Structure formats: C-alpha cells, structure tokens
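[1] can't give you the sequence, but here's the structure:
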C-alpha cells in the first residue's frame, strides 16, 4: 500500500479527524511512553480496581432479576423448606435468583466475593501507601480520595448486604437503625426519613436499592478513575529508590506494550480467582436464615468482616445512659460512634499532621522504607492493633462459646487490650525500626559478615567482611533529605533518627559546649 493510499484509508482519515479536534495523537504518544515501575506491592491497588469491574459486571446481571420491594408475598418457589412462608418480595426474588435463575447463585456469590476482595485490596493498598509514605506531597489529595472511596465501599457493602431482607441482614440493619435513633435531637427524624415510618416499614429496601445501585456506584465511578488514572497520570509514579528511580526520574516499563499486556493478564487472573472462589466456597446462604422478622434473632450472628470493627466497638462499650436537659444520651452507642469517627478522621488528616510535625514540605516521588520512618510505622501498627481488637471483639460471644470461657472475661480482655495493645505495639515497632536502622548503618560501615576468621601479625583475630552490593548500599545510604523539623517533643518524635547507644550518647555529651 502506497503512502497516498494510506492517507486516503477511511480509518486513517477518522483518526486524523479525531486528532484535529481532540489532540489524541500527542496524548497517545505520551501515554504509551509513560513509565510504570515494576514492584509487586503496586499490584495491590490494581486488584482493587479490577475487583470493582467484576462487581459492576455481576451487579448488572443481578439487577435484571432482583425486586427491591418489601411487599409481603407467599413463597412458592423451588426451595421446598420455605414454601408457604410469608416473606418480602425482595427475599423471594433473592431465593429465585439462587434457586431458579440459570447461573444466578454463581453470580450472587461472584458479586459477594468480589465485594470482599475489593475492600480487602483497598485496605492493603492503603497500608502500603501509609507505610511507604506515598501520601506525602504532592499526593495528599489522592490519599483523601482513597479514604472517601474506602468509606463508600463499606457503605455500599452494607447496603448490598441488607438488600435480601433475610434474618441475618435484618439483624444488622436493626442494629444500625438503633444507632441512628440514638443520635441526640435528630435521631428519631433520621430514622423516620430512612424508613418512611416505623420500623421495618415498606420503603427501606427500595431506598437502600437506589443507594446501592445508583448513588454510591455513581460516586465511585467518578472517583475511581480520578484516583487511579487521572492523578497518577498527571503526577510521576512513585517508586522505591533503586536503579534509575530518583526524586526527578522514575525508571520502569512503558505503558504500551509491556504494562498493557501485564494488566490485561491481571484483569483475567483477578476475575478467574473470584469466579473460582464463588464456585467452590459458599458465602451468604440466605435460604438457611429465613426471612427477616422483628421478633426473631439468631445466636452468633456476625456481619461481613469489614464491618465487624463497628460491631466490636458496640460490644465493648458498657450500656451507659445519661440524661442532659431532658434528653437521654445513649453513651453505649454514641461513644463507639465518636471513637470510630475520630479514628477515620485522624487517618484522613495524617498526611497534614506529619507534614506539620516534621516541617517536610518537599515534593516526594521516592518511597520510604518503613524502618526509616520509625514513628510513622509504629503509629501504623498501633492503628492495625486498634482496628484488629475491635474486629475480634465482634465475635466475643463465639470466642467465649468455642473456648468455654466467660463472656464477661472475654469482653474485659478486649477492653484492656484495646487500650494497652496499641501503646505496646507502637513502642515495640518503633524500637524494632530503630534497631534495623542501626543494623543498616553497621552494614554500611563494616560490610557483610563472611564467617571467615583471620589472624593478624600481632596475634589478634578478626572477622573478614565484604562490602555491600552497590545497589543495596545506595538504597540504604540514600535517605531523603528533609527540612530541619521545628523544635518540640512532637517534632523530635517524628524526626525518627537512629537508635542512640552508649557510645553515641557519650560522643554527643562530649560535643556539648561547657557553660561558662
């Protein structure tokens, strides 16, 4: 084909027309050349993105058959144990999807498993970002978007979990509505607004359905591309200090064709694993629970794992009530709500807190090794312990039953651990990080031990060492220089530093000027 024929080809003319109007050629060339660092931890965020795609695809299938109605019907479907039982149309349609629709049960389980994987991947991705300092300037906005997406994912998980109107989800929904009603002054109004009347009413499931399939997915569909595509494409991609990756340049593989081929394979892998989980591991068998009834409850009921921390906080707080100005304040519910709100608020504001404490306003594209930010790593582990204790406390009744211990003793164990555990975790983790810093410094100064003992001419013995590889030495030696932090105990705490031993302490005292 000659050059003239190529220019006159319809596809070429279409591309030229688009380029003249949208400038697509220049963007496509820049996009194809964009470097993506190759590190396993960066794939965690991609798992979240691809699970979100699986969620959308399976959710579209389910909307074709689910009926978001609380109108009471008599079940006459394929599941014989529930025939003749009165239930809501939402629960009956869920049974219809599970028992009668071809592939319906598989798609229900794919949807549920992908939701769990989605939230787990978001949490793992946030931990990676936190411990490596990837939230620092200029990525504070992306961190806030990630926190919002995490909250939206949990909210949408709860609404989807409540839609079948079975006994288990109804129990959790009644708990949340009780928490809403305990809010001073406006609690009863909020409850009437959500329910359209008294509990359980007939409007709750339709309203949750709109939130689940329209409102929250719409917000997430707008924020996910902004968080995962737009901002990372505008900014440099972060990377660890290795090879050619520095604060000014990032080394990696080009977007096309290397990253495109890998990400396509990873999409298929994520979807395949989700389908395998759905095919072989049963989850949320609503037909075993029966329809929701306000007068019925089952022992040992547990929410999905990502919501367990809220249930645990409610179980640990004593049922205290106080009366203020004629209004009863249910502290047993309000205090856990305030504690959880404060926890996530501090998490969202942490980049700005650390920036203020350290005085570090520089732009960072190179990630920290967690050991080199001892205080941050200690706070992160303390947060994990705090969250983990609340999560485990949601099963205090199951633990007491399985291990044949007192429920009273189990609850008090979690109460004490919730206070003491994060403090101990912070102290131990920070000390370990400082010890690892000292080990790195010794490796730089003395090299790697070889186990070979040599004798010098004077009769003494010493161990022969070999220097570190150049890449390893550069990674350890290259600590990002930051402005001197402001004076104060908080600044000294965040300043990190290395573990000061007796020799360093003696040397520092000798350098101290003698007062006259």
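    Received, thanks. As the structure is a computational prediction, the values presented were derived from the model and not from experiment.

[2] And what about residue 188, helix, strand or coil?
    helix (DSSP: H, G, I helix; E, B strand; the rest coil).

[3] Look up phi and psi at residue 200.
    phi -90, psi -10 (degrees, to the nearest 10).

[4] mind checking how far it is from residue 380?
    From residue 200 across to residue 380, the span is 41 Å (Cβ to Cβ, to the nearest Å). All C-beta spots, glycine's among them, are computed from the backbone N, C-alpha and C.

[5] With residue 41 instead?
    To residue 380, residue 41 is 15 Å away according to Cβ to Cβ.

[6] For the stretch 351-500 of the chain, give me the ranges with low pLDDT.
    Applying pLDDT under 70 to the stretch 351-500 of the chain flags the ranges 477-500.

[7] Strands of that one, start to end?
    Secondary structure of the stretch 351-500 of the chain (DSSP state E, counting those that start in this stretch): strands at 448-455, 461-466.

[8] Tabulate those (CSV), appending mean neighbour count and distance to residue 55.
    Output for the strands of the stretch 351-500 of the chain, formatted as CSV (neighbours: other Cβ atoms under 10 Å; distance: least, Cβ to Cβ, whole Å):
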stretch, mean neighbour count, distance to residue 55
strand 448-455, 10, 48
strand 461-466, 11, 52
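
[9] Take those and lay them out in CSV including distance to residue 312.
    Below are those laid out as CSV (distance: least, Cβ to Cβ, whole Å):
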stretch, distance to residue 312
strand 448-455, 46
strand 461-466, 50
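
[10] Any idea which of the ones you listed gets closest to residue 276?
    For the strands of the stretch 351-500 of the chain, proximity to residue 276 was assessed by Cβ to Cβ; strand 448-455 is nearest, at 43.2 Å.

[11] Just the buried residues of stretch 218-229, please?
    For stretch 218-229, the neighbour count (16 or more other Cβ atoms under 10 Å) marks 220, 224, 227, 228 as buried.

[12] Would you check how far apart the residue nearest to residue 50 when sequence neighbours are not counted and residue 256 are?
    Ranked by Cβ to Cβ, 6 or more residues apart in numbering and with sequence neighbours excluded, the top spatial neighbour of residue 50 is residue 270, at 4.1 Å. As judged by Cβ to Cβ, residue 270 and residue 256 stand 21 Å apart.

[13] Check residue 447 too.
    43 Å.

[14] Kindly report the same for residue 206.
    Per Cβ to Cβ, residue 206 is found 45 Å from residue 256.

[15] try residue 85
    57 Å.

[16] List the buried residues for the helix ranked longest in the chain?
    Ranked by number of residues, the top helix in the chain under DSSP state H is helix 407-446. By neighbour count on 16+ other Cβ under 10 Å, the buried set for helix 407-446 is 410-411, 413-415, 417-418, 421-422, 425-426, 429-430, 433-434, 436-437, 440, 443.

[17] Could you list the buried residues of stretch 271-278?
    For stretch 271-278, a neighbour-count test (16+ other Cβ under 10 Å) marks 271, 273, 274, 275, 277, 278 as buried.

[18] same question, stretch 142-150
    Across stretch 142-150, burial judged by 16+ other Cβ under 10 Å covers 142, 143, 144, 145, 146, 147, 149, 150.

[19] give me every residue that touches residue 418.
    By Cβ atoms under 8 Å, 6 or more residues apart in numbering, the contact set of residue 418 is 316, 386, 389, 390, 393.

[20] Which of those residues sits closest to residue 336?
    residue 316 (7.6 Å).

[21] Was I right to think that closest one contacts residue 393?
    Yes. The pair residue 316 / residue 393 is scored as a contact, 5.3 Å apart, by Cβ atoms under 8 Å.

[22] So for the two, which residues contact both of them?
    The contact lists of residue 316 and residue 393 share 411, 414, 418, where a contact means Cβ under 8 Å, 6+ apart.

[23] okay, now the residue nearest to the second one when sequence neighbours are not counted: neighbour count?
    In other words, residue 414. Nearest residue to residue 414 in three dimensions, chain neighbours excluded: residue 393, at 4.2 Å (Cβ to Cβ, 6+ apart). Each residue near residue 393 was counted by other Cβ atoms under 10 Å, and the total is 24.

[24] ok, residue 465 - contacts?
    Residue 465 is in contact with 446, 447, 448, 449, 450, counting by Cβ under 8 Å, 6+ apart.

[25] ok, now how distant is the first one from residue 455?
    Residue 446 sits 18 Å away from residue 455, taking Cβ to Cβ as the criterion.

[26] So which residues of the stretch 201-350 of the chain form helices?
    Along the stretch 201-350 of the chain, the segments classed as helices by DSSP state H, counting those that start in this stretch run 204-210, 216-225, 231-234, 260-280, 286-289, 308-316, 331-358.

[27] tell me the most buried of those helices?
    Among these, helix 308-316 has the highest mean neighbour count (mean count of other Cβ atoms under 10 Å), at a mean of 21.

[28] Can you name every helix or strand that that helix contacts?
    Applying 3 or more Cβ pairs under 8 Å, 6 or more residues apart in numbering; DSSP states H and E, we find helix 308-316 packed against helix 167-181, helix 331-358, helix 374-393, helix 407-446.

[29] now do 10 Å
    Taking 3 or more Cβ pairs under 10 Å, 6 or more residues apart in numbering; DSSP states H and E as contact, the helices and strands that helix 308-316 lies on are helix 140-162, helix 167-181, helix 331-358, helix 374-393, helix 396-402, helix 407-446.

[30] residues making contact with it?
    154, 158, 172, 175-176, 178-179, 301-303, 332-333, 335-340, 343, 386-397, 407, 410-412, 414-415, 417-418 (Cβ atoms under 10 Å, 6 or more residues apart in numbering).
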